[in-house]
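Enquirer: My questions concern the predicted model and sequence given below.
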Amino acid sequence: MENHSSKNKPVDLLAMLKNCLTVGGYNLTICRARENGDRGTVNLRKCGSIIKNQLCNRMVIPFLEKQIRHALGNEKLYVCRLHGGLLSFLVPFRFDSAVFCLVGEGVRENSVNIRHMEKLSRVNKMNGFEILKELMNLPIKTCKEVEEDARRIHALLLCMLEGKDFRSRCDKTRNQLNGIMRSFSKMDELQTVDDICSLSGKLLEALFDFPKMAFAIREEEHAIFRVKGVCGLPEDIGSIPEDKLAPIISTGMVKKEFKFDGIFNYLFPKIMADRVICFPLESHEELLGFVALFDGEMRQLDGYLVELILNRVASKLMQLKNERYNGQAGSLAGSLLTLTNTILSSESKEELYKNLLEAAADLVGAAKGSLMLVDKSGQRLQIGFSKGMNERLAQTVKVNMGEGIAGKVASSGLPLLIDDIEKDPRIAVCKRPRFRTKSLLSMPVKLREKTIGVINLSDKKNLKSFTEADMNLLVSFANLASLMIERTLTMERYSVLEQLSITDHLTGLYNKSYLRNRLDEEINRSTRHGLNFSIIFMDLDNFKIYNDRRGHLAGDMALKKTADILNAMVRDMDILARYGGEEFCIILPDTAKSEAAVVAERIRQEIEKETFPCGEELTTGQLTASFGIASFPEDGQTFTTLIHSADMAMYRAKSEGKNRVVTRVPVHSAKFDLARGFP
């Protein structure tokens, strides 16, 4: 075989490249280390160049020396991106047993970092405005396009270096590259893994006559590689567990030929072959799968073209994976938003817990589940809420901390994923007739690092096992649940404190402070809408005598009973408050004085006929009450004047013999008491 390299110098390759293809606006330079081979410390020698942009060449080459030495050392193709936005590629190749590097530069990304370019200009002692002008004229490419250009140029270099029938080989390689690039355009439009495998399989078969091949695509969710046959093999060849691929993966997944025996007979039991070549499908250092080519002959250049195709396949698979992930993330975000709104609408702790269980089950598609809560002793779990379970049976289930699945999860504070409850050595539970599947997920529910319950989920609706992804999703959800629980408990505590601040601790009625605020609001509302309302002021007759004779305990009981009578006699819209001591006040919105008098009379009669303990010891023989009524706006238009008018009417009832209702006050009485400055 004639060696082309024996008749040419490395610089001649540049001329041949220029004749074979358009170099796409690149400056092309061939470099190598000195003859002593000490590539790590010596300067590089420039063996020849095709320069389209002299200024760019002067700026870029000095900054690439370290990367060029690295490429020469490991003989691997690189795409480099300078800080300013300039792009270049490095293609190492062997010529007469020496390693050279073809450097392509002189293109840029769409956006350029002016600050970094200014730095480059200072280092190279160049005019910044001149550099900027030149940069704007450079061809624009992406990193992906530069990498594909580099691989095509590398393929042609390999073809040139093979020597014999150079022109026909170059023509064939050009045709192959053109076919590959046309297929890449079609591949960009595909949206499924099956279609990508089918198209690339047909392309490989057409270009290289491989008799049999298979694509093994990784499925992370199930930790397997799904094998798809092409070129005469069955489409569905089965699956390979990820942990069984160590003999292949341990090789670093570089292109490598194996004898088809041993592990390969086990991995591909449906395929008959003598040897197999494995190519990785790798993108961004992530292994997405591999391609197995059976019983085919492959030249060095063919291998490189196969790598070019499969590199694009891997990029497309990664794109689909990211789109699927983003779609799931968007769908998940929408679901989480809906669930969060549902949870936020929970008005009580009990409703919150029920919504949390429903939300957790919906997120992972579980048909059954339960929320077990830790009791006050902290030693037991009991089902608080259930889904898809018999409620009567659920109420009887109790588990000690540290026992059973839920008890262990509550004790450890760690989630538990079980694929098969009958085979899992941590659990080993036999026969679960109430459940359709053997998979289970158990998740602790925490409040400030303290476990307060456990969510148990089972029977996935698609009858598959729960996955690590499901568990990770629930872990994130548990963090949200913890915040929701803390928020609800805080709101409940705030509500209790707020209620305590506006209610009387003895009777449970509103207190004087709340009464004042509500009366001011009612005055404002009635003023705006031209309405009237009335208030009833009530005082228990002879209560001081009753309290002194029977004691404070009996007095408190009498006040509570009075409060119960009042609650039963007023409307929901009315405001009832304990004004102080044995005095009570009622606000009756949209009520005239005459109507208020009817209400007061009914209350008076109910108190009169009610039996109070030891009431017979009073001079009247029973506990009674006196009532005074005032209306807005005729009796007053402020809190002070209205309360004063009602109070004066009540005192008139007292002076006239008690146990009666009075609706009006003589004018001179009101003036006299106002002069006293009634509060």
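Expert: Great, that's in hand. On a predicted model such as this, the values are computed, not experimentally measured, just so you know. Numbering: from 1, shown residues only.
Enquirer: CA atoms for contacts and neighbours, from now on please.
Expert: OK.
Enquirer: which other residues reach stretch 295-308?
Expert: Stretch 295-308 has contacts (C-alpha atoms under 8 Å, 6 or more residues apart in numbering) with 148, 151, 155, 158-159, 204, 208-212, 273-276, 279.
Enquirer: now that stretch: how far from the chain's centre is it?
Expert: Relative to the centre of its chain, stretch 295-308 is centred 44 Å away, using C-alpha atoms, centre = their mean, to the nearest Å.
Enquirer: Over to stretch 585-599?
Expert: Mean-position distance between stretch 585-599 and its chain equals 56 Å (C-alpha atoms, centre = their mean).
Enquirer: Does Lys316 touch Glu189 like I think?
Expert: No - using C-alpha atoms under 8 Å, Lys316 is not in contact with Glu189, being 9.8 Å away.
Enquirer: quick one, helices of the stretch 501-650 of the chain?
Expert: Remark: helices assigned in the stretch 501-650 of the chain by DSSP state H, counting those that start in this stretch are 512-529, 543-550, 552-569, 593-609, 639-655.
Enquirer: Tell me where the model's unsure across the stretch 201-350 of the chain.
Expert: 221-222, 246-256, 299-301, 325-347 (pLDDT under 70).
Enquirer: circling back: which one of the contacts of stretch 295-308 sits in the busiest neighbourhood?
Expert: With neighbours taken as other C-alpha atoms under 10 Å, the top of the contacts of stretch 295-308 is Cys159, carrying 24 neighbours.
Enquirer: What mean pLDDT does the host helix or strand of it get?
Expert: Using DSSP states H and E, Cys159 sits within helix 143-162. Taken as a whole, helix 143-162 has a mean pLDDT of 80.
Enquirer: how about the helices in the stretch 201-350 of the chain?
Expert: Taking DSSP H, counting those that start in this stretch as the criterion, the stretch 201-350 of the chain carries its helices at 246-249, 263-267, 300-344, 349-364.
Enquirer: Nearest residue to Gln100 in space, please, no chain neighbours.
Expert: One correction, residue 100 is Phe, not Gln. Nearest residue to Phe100, sequence neighbours excluded (C-alpha to C-alpha, 6 or more residues apart in numbering): Arg32, at 4.8 Å.
Enquirer: Buried residues, the helix or strand hosting Ile485. List them.
Expert: Secondary-structure assignment from DSSP H and E places Ile485 in helix 468-502. Neighbour-count burial for helix 468-502, counted by 16 or more other C-alpha atoms under 10 Å, picks out 470-471, 474-475, 477-478, 481-482, 484-485, 488, 502.
Enquirer: quick check, nearest of the residues you listed to Val364?
Expert: Asp470 (5.8 Å; C-alpha to C-alpha).
Enquirer: re the thing from before, now tabulate the helices of the stretch 501-650 of the chain in a markdown table and tack on mean pLDDT.
Expert: Formatted as a markdown table, those follow (pLDDT from 0 to 100):
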| stretch | mean pLDDT |
| --- | --- |
| helix 512-529 | 92 |
| helix 543-550 | 84 |
| helix 552-569 | 91 |
| helix 593-609 | 93 |
| helix 639-655 | 93 |
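Enquirer: Out of these, which is closest to Gly48?
Expert: With C-alpha to C-alpha as the measure, helix 512-529 is the member of the helices of the stretch 501-650 of the chain nearest Gly48 (92.1 Å).
Enquirer: Now do that closest one against helix 468-502, angle only.
Expert: Between helix 512-529 and helix 468-502, the angle comes out at 90 degrees (axes from the mean of the first three to the mean of the last three C-alpha atoms, to 10 degrees).
Enquirer: What lies in contact with helix 512-529?
Expert: 502-503, 531-533, 575, 577-580, 587, 589, 632, 637-639.
Enquirer: what separates that helix from the chain centre, distance-wise?
Expert: Mean-position distance between helix 512-529 and its chain equals 47 Å (C-alpha atoms, centre = their mean).
Enquirer: Quick check: buried residues in it?
Expert: If you call a residue buried by 16+ other C-alpha under 10 Å, then helix 512-529 has these buried ones: 512, 514-516, 519, 522-523, 526.
Enquirer: cool, stretch 650-661 as well?
Expert: 650-654, 658-661.
Enquirer: swap in stretch 420-427?
Expert: Neighbour-count burial for stretch 420-427, with 16+ other C-alpha under 10 Å as criterion, is recorded at 420-422.
Enquirer: Gly453 falls within a strand, correct?
Expert: Yes - the assignment for Gly453 is a strand, going by DSSP: H, G, I helix; E, B strand; the rest coil.
Enquirer: so what pLDDT did it get?
Expert: With respect to pLDDT, Gly453 has a value of 84.
Enquirer: Not counting its neighbours along the chain, what's nearest it?
Expert: That would be Leu373: by C-alpha to C-alpha, 6+ apart, it lies 4.1 Å from Gly453.
Enquirer: Please, which helix or strand holds that neighbour?
Expert: Using DSSP H and E, Leu373 sits within strand 366-374.
Enquirer: Remind me what that strand packs against, helices and strands.
Expert: If you count contacts as 3 or more C-alpha pairs under 8 Å, 6 or more residues apart in numbering; DSSP states H and E, strand 366-374 packs onto helix 349-364, strand 380-387, strand 450-460.
Enquirer: Would you list the strands that that strand pairs with, along with their directions?
Expert: Note on strand 366-374: by DSSP bridges, its sheet partners are strand 380-387 (antiparallel), strand 450-460 (antiparallel).
Enquirer: Report the backbone C-alpha coordinates of the first one in PDB.
Expert: Coordinates of each C-alpha in strand 380-387 appear next as PDB, following Å, rounded to 0.1, in the frame of the first residue of the first chain:
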ATOM      1  CA  ARG A 380     -47.900   5.500  69.200                       C
ATOM      2  CA  LEU A 381     -49.200   6.100  65.700                       C
ATOM      3  CA  GLN A 382     -52.800   6.000  64.700                       C
ATOM      4  CA  ILE A 383     -54.500   6.500  61.400                       C
ATOM      5  CA  GLY A 384     -56.000  10.000  61.200                       C
ATOM      6  CA  PHE A 385     -57.100  10.000  57.600                       C
ATOM      7  CA  SER A 386     -57.200   7.300  54.900                       C
ATOM      8  CA  LYS A 387     -57.700   6.900  51.200                       C
END
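Enquirer: how does the protein divide into domains?
Expert: 4-164, 182-324, 346-495, 503-675 (automatic domain parsing).
Enquirer: can you tell me the distance between the two ends of the second one?
Expert: In this case it means domain 182-324. Its first and final residues considered, domain 182-324 spans 26 Å by C-alpha to C-alpha, to the nearest Å.
Enquirer: got the CA coordinates for stretch 516-528 in PDB?
Expert: The C-alpha trace of stretch 516-528 is given here as PDB (Å, rounded to 0.1, in the frame of the first residue of the first chain):
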ATOM      1  CA  ARG A 516     -66.700  49.400  71.100                       C
ATOM      2  CA  ASN A 517     -65.000  48.500  67.700                       C
ATOM      3  CA  ARG A 518     -68.200  46.900  66.400                       C
ATOM      4  CA  LEU A 519     -70.400  49.700  67.500                       C
ATOM      5  CA  ASP A 520     -68.100  52.200  65.800                       C
ATOM      6  CA  GLU A 521     -68.300  50.100  62.600                       C
ATOM      7  CA  GLU A 522     -72.100  49.900  62.800                       C
ATOM      8  CA  ILE A 523     -72.300  53.700  63.200                       C
ATOM      9  CA  ASN A 524     -70.200  54.200  60.100                       C
ATOM     10  CA  ARG A 525     -72.200  51.700  58.100                       C
ATOM     11  CA  SER A 526     -75.600  53.100  59.100                       C
ATOM     12  CA  THR A 527     -74.400  56.600  58.400                       C
ATOM     13  CA  ARG A 528     -73.300  55.700  54.900                       C
END
